[in-house]
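Undergrad: Here's a sequence, model it:
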Amino acid sequence: MSSYDPSAVELLSFAKSLPDFLDGRDTPRAYLERCIETIETREPKVQAFSALNLHGARAAADAATDRYKAGQTLSPVDGMPVAIKDVFDTEDMRTTFNSDLFRDNQTAWDGACPYFFRRGGGVIIGKTVTTEFAFGTPGPTRNPWDTKRTPGGSSSGSGAAVGASMVPVAIGTQVRGSVLRPAAFNGTYALKPSKGAFNLLGGFPSALSMACIGLLSGTISDMWRTAWWLSQQGGEPGYPSITGKPDLPKSRKPKCLIRLDTAGWAETDEVTRAEFDRVCSLLAVRGVEIVSRSDDPDIQALESMLVELRNVIDFMLTYEGRWPLMMYADRSPESLGDRVAGRAHDAAEADPTRYAECLIWAEKARAQWDSFRGRADGFLTLNQTGAAPAGMPVGNTVYGEASSLIGMPALNLPLMAVEGMPLGLQMLGFYGDDEALTALGHWAIHAVLRGED
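TA: Down below sits the predicted model:
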């Protein structure tokens, strides 16, 4: 166990090594070997991976090394080691969804996300552990900062692999905070992008109106570089790519941020509340106007909406899981964990009229959120109700739900600590403004950790 200090921790950075790749002082193959050494040391206790393909990764890293030598790189992620959550098809590894139904599932094809990584020269090192079907029974992964604690879920292995410095970037997915929460528990950066920014095809079909790919990374620079590349290959059908360039956006100091307690405040322990208060006060001292429900009745109305959102998202993801969960339960109920079986049962009884009402509610909620555009630069809240709990519970979903249903981008910034463990600050923006939100997060890192503008 190591006590976590956000101002002292340095996780892996790929972007930091790029100048050395270009002038020959380092190579993607050597970088990969350092990652493999860390995996060999830490994986026996952390158990972040469901599968590894080191032979394939080495071949990809060698090819990237040759391209750097020739000055012919393919993309901003050329040579980057990356881990893929085990809910996406990969041509060289099984895709199990952590389910007994799919232990031998091998499609021999890549889903969209792994495909575009390979096409850009990315080095896929392995598949990371998920909960069953990305919401059910947890896998064996442990938190690298204290292996008696959970890494969170459902992107458990992705968060732990980055938090343990096994890889600089890992892919996760989210409906109820399954990217933001593991990032918060494991001390990594994360982007849950605007809805549709990354192509979900070739993965488990979970609550498609809200589900998204998210990125967990050791640095905000690698987070943005990866996000830009994946999105530029095309998002979900019907959705635009994020804007910007591959280099990290220049930091931008916000004038005004809205502090949100959300439904999570009542469930958050006092030490965590105090740490969040401290960071909000620090930002205010640096000249950022922090406004909250006590300052504006419109924010109070937004807070009330976020409390109601919990029930709406719960029904929507149940209804949208009717297929394939009902089919799995019909064919092989004995192979399903209790949580998955329970949702399949509830999905069979879900009322389509209620779902239609939820869709209308969600549209109004999106408009209510967007009404603050121009009135504030963004929003601040927590990403967890306390430190990662002992044992294997994946953590409280409450702080991660709003960004999925409403569809705006959200960041986890690993800027706080409680009980010697990472504590995530969540910063949220407006739909389509992923680049602007990242610029705000870039500024917040310097403001909180270094006391700089």
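Undergrad: for the stretch 351-453 of the chain, which spans come out with low pLDDT?
TA: Low-confidence segments of the stretch 351-453 of the chain, defined by pLDDT under 70: none present.
Undergrad: quick one: the helices in it?
TA: Applying DSSP state H, counting those that start in this stretch to the stretch 351-453 of the chain gives helices spanning 352-370, 401-406, 434-445.
Undergrad: Turn those helices into TSV, columns for distance to Cys113 and mean neighbour count.
TA: (Glycine included, C-beta is placed from N, CA and C.) Shown next, in TSV, are the helices of the stretch 351-453 of the chain (distance: least, Cβ to Cβ, whole Å; neighbours: other Cβ atoms under 10 Å):
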stretch	distance to Cys113	mean neighbour count
helix 352-370	25	14
helix 401-406	18	27
helix 434-445	17	24
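Undergrad: Nearest to Thr65, out of these?
TA: The closest of these to Thr65 is helix 434-445. By Cβ to Cβ, the value is 29.3 Å.
Undergrad: domain ranges for this protein?
TA: 15-232, 256-450 (automatic domain parsing).
Undergrad: Show me how far the longest one is from its chain's centre.
TA: By that I understand domain 15-232. Computed by Cα atoms, centre = their mean, to the nearest Å, the separation of domain 15-232 from the middle of its chain amounts to 11 Å.
Undergrad: Report the rounded mean pLDDT for it.
TA: Domain 15-232 carries an average pLDDT of 98.
Undergrad: Between the helices of the stretch 351-453 of the chain, which one is closest to Leu32.
TA: helix 434-445 (26.6 Å).
Undergrad: From the contact counts, what lies against the closest one?
TA: Helices and strands touching helix 434-445, by 3 or more Cβ pairs under 8 Å, 6 or more residues apart in numbering; DSSP states H and E, are helix 220-232, strand 410-418, strand 421-428.
Undergrad: Dump the ones you listed to TSV, plus mean neighbour count.
TA: Converted to TSV, these look like this (neighbours: other Cβ atoms under 10 Å):
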stretch	mean neighbour count
helix 220-232	25
strand 410-418	26
strand 421-428	26
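Undergrad: So for Asp261, which of the helices of the stretch 351-453 of the chain sits nearest?
TA: Per Cβ to Cβ, nearest to Asp261 of those: helix 401-406, 11.9 Å.
Undergrad: In terms of secondary structure, what does the closest one contact?
TA: Partner elements for helix 401-406 (3+ Cβ pairs under 8 Å, 6+ apart): helix 297-320, helix 352-370.
Undergrad: what's the closest of those to Leu437?
TA: Nearest of the helices and strands packed on helix 401-406 (Cβ to Cβ): helix 352-370, 13.4 Å.
Undergrad: For Val340, see how far away Ala347 is.
TA: 10 Å (Cβ to Cβ, to the nearest Å).
Undergrad: Which neighbours do these two have in common?
TA: Leu325 (Cβ atoms under 8 Å, 6 or more residues apart in numbering).
Undergrad: Between these two, tell me which one has more neighbours.
TA: For Ala347 versus Val340, neighbours defined as other Cβ atoms under 10 Å are more numerous around Val340 (24 against 18).
Undergrad: Do you know the pLDDT at the more buried one?
TA: For Val340, the model assigns a pLDDT of 97.
Undergrad: check contacts around it.
TA: Residues near Val340 by Cβ under 8 Å, 6+ apart: Ser99, Glu132, Phe133, Phe135, Gly136, Thr137, Leu325, Tyr328.
Undergrad: what are the phi and psi values for the residue most central in space within the chain?
TA: Of all residues in the chain, the one closest to the mean position by Cα atoms, centre = their mean is Val179, 2.7 Å from it. Per-residue torsions, Val179: phi -100, psi -50 (degrees, to the nearest 10).
Undergrad: Any figure for the gap between it and Ser332?
TA: Distance from Val179 to Ser332, by Cβ to Cβ: 29 Å.
Undergrad: Same question for Arg118.
TA: Taking Cβ to Cβ, one finds Arg118 at 32 Å from Ser332.
Undergrad: got it, and Val285?
TA: In terms of Cβ to Cβ, Val285 sits 58 Å off from Ser332.
Undergrad: Leaving out chain neighbours, which residue sits closest to Met392?
TA: Distances taken as Cβ to Cβ, 6 or more residues apart in numbering place Pro138 nearest to Met392, at 4.6 Å, with adjacent residues excluded.
Undergrad: Tell me which residues touch the one you found, please.
TA: Residues near Pro138 by Cβ under 8 Å, 6+ apart: Thr131, Thr150, Gly153, Ser156, Met392, Pro393, Val394.
Undergrad: which ones are touching the first one?
TA: Okay, so that is Thr131. With contact set as Cβ under 8 Å, 6+ apart, Thr131 has these partners: Asn98, Thr137, Pro138, Gly139, Gly153, Ser154, Ser156, Val394.
Undergrad: which of the residues you listed has the most neighbours?
TA: Busiest of the contacts of Thr131 [other Cβ under 10 Å] is Ser156, holding 35 neighbours.
Undergrad: ranges for the helices of the stretch 151-300 of the chain?
TA: With helices called from DSSP H, counting those that start in this stretch, the stretch 151-300 of the chain shows them at 156-163, 180-186, 220-232, 270-285, 297-320.
Undergrad: Report the angle between the third one and strand 410-418.
TA: Using axes from the mean of the first three to the mean of the last three Cα atoms, to 10 degrees, one finds that helix 220-232 and strand 410-418 are set 160 degrees apart in direction.
Undergrad: now do the last one
TA: Interaxial angle, helix 297-320 versus strand 410-418 (the same axes, to 10 degrees): 100 degrees.
Undergrad: coming back round to it: who wins for proximity to Thr188 among the helices of the stretch 351-453 of the chain?
TA: Among the helices of the stretch 351-453 of the chain, the nearest to Thr188 by Cβ to Cβ is helix 434-445 (13.0 Å).
Undergrad: For stretch 252-271, what is the spacing between the initial and final residues?
TA: 30 Å (Cα to Cα, to the nearest Å).
Undergrad: Also stretch 142-149?
TA: 6 Å.
Undergrad: coming back round to it: how about the residue nearest to the centre of the chain, nearest residue that isn't a chain neighbour?
TA: Closest to Val179 by Cβ to Cβ, 6+ apart is Gly214, at 3.0 Å.
Undergrad: was I right about Asp89 contacting Asp110?
TA: Yes: contact criterion Cβ atoms under 8 Å: Asp89 and Asp110 qualify, at 6.1 Å.
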